[in-house]
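Peer 1: Got a predicted structure here, sequence first:
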Amino acid sequence: MVCLGNICRSPLAEGILNSKVKKLGLPWQIDSAGTNNNYHVGEAPHALSQKVARLHSVDISQQCARAFVAEDFDRFDKIYAMSGDILVDMKKIAKKKFNPEKTNLLLNEIYPGQNLDVPDPWYGEEPDYHDVYEMIDKACDKIIEKYGDLKPA
Ligand code: 4NP
């Protein structure tokens, strides 16, 4: 799960998907990262992302922001960008390792082919974080529906 700062959107996506995966006992490893490697690396998620997650019994307080790296394409089967600008950043960072078959915009899982962005709540207020939570939650349900029955390779 990739966004810009790895403190607002993608930590929610990591926490939400991870909590669903754990409940179902799926053997998936979920992680998140940011394409900007100097804003917030090493920080915990934004206080409002933490709050909104906690209201849904999802604890993201132990997450720590890290930079997205080209090698993430070696480590992960599927990499979701929160928005189109992030997908562009991912291509620039990953260079030859960029694999379009592994990537998608997260909201394309709910609205296929529409290339919609998860809006960045960074300059917003608490209701924006709730909206973002709901979108990501629905998209994560779709991911589970789509891949949850696949046997590990
Ligand atoms: P995120 O949000 O990409 O969802 O983590 C942002 C976090 C920080 C900044 C921008 C967006 N920033 O400009 O520091």
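Peer 2: Yep, it's here. Numbering: from 1, shown residues only.

Peer 1: ok, the spatially closest residue to Gln62 that is not a sequence neighbour - contacts?
Peer 2: Of all residues not flanking Gln62 in the chain, Ala44 sits nearest, at 7.8 Å (CB to CB, 6 or more residues apart in numbering). C-beta here means a position set from N, CA and C on the backbone, and glycine is covered the same way. For Ala44, the contacting residues are Ile7, Gln50, Ser61, Gln62, Gln63, Cys64, Ala65, by CB atoms under 8 Å, 6 or more residues apart in numbering.

Peer 1: List buried residues within those residues.
Peer 2: Ile7, Gln50, Gln63, Ala65 (16 or more other CB atoms under 10 Å).

Peer 1: A helix includes Gly124, no?
Peer 2: No - using DSSP: H, G, I helix; E, B strand; the rest coil, the assignment for Gly124 is coil, not a helix.

Peer 1: Flag every residue of the protein that's near the ligand.
Peer 2: Proximity of the chain to the ligand, by CB under 6 Å from any ligand atom, involves residues Cys3, Leu4, Gly5, Asn6, Ile7, Cys8, Arg9, Gly34, Tyr39, His40, Asp120, Trp122.
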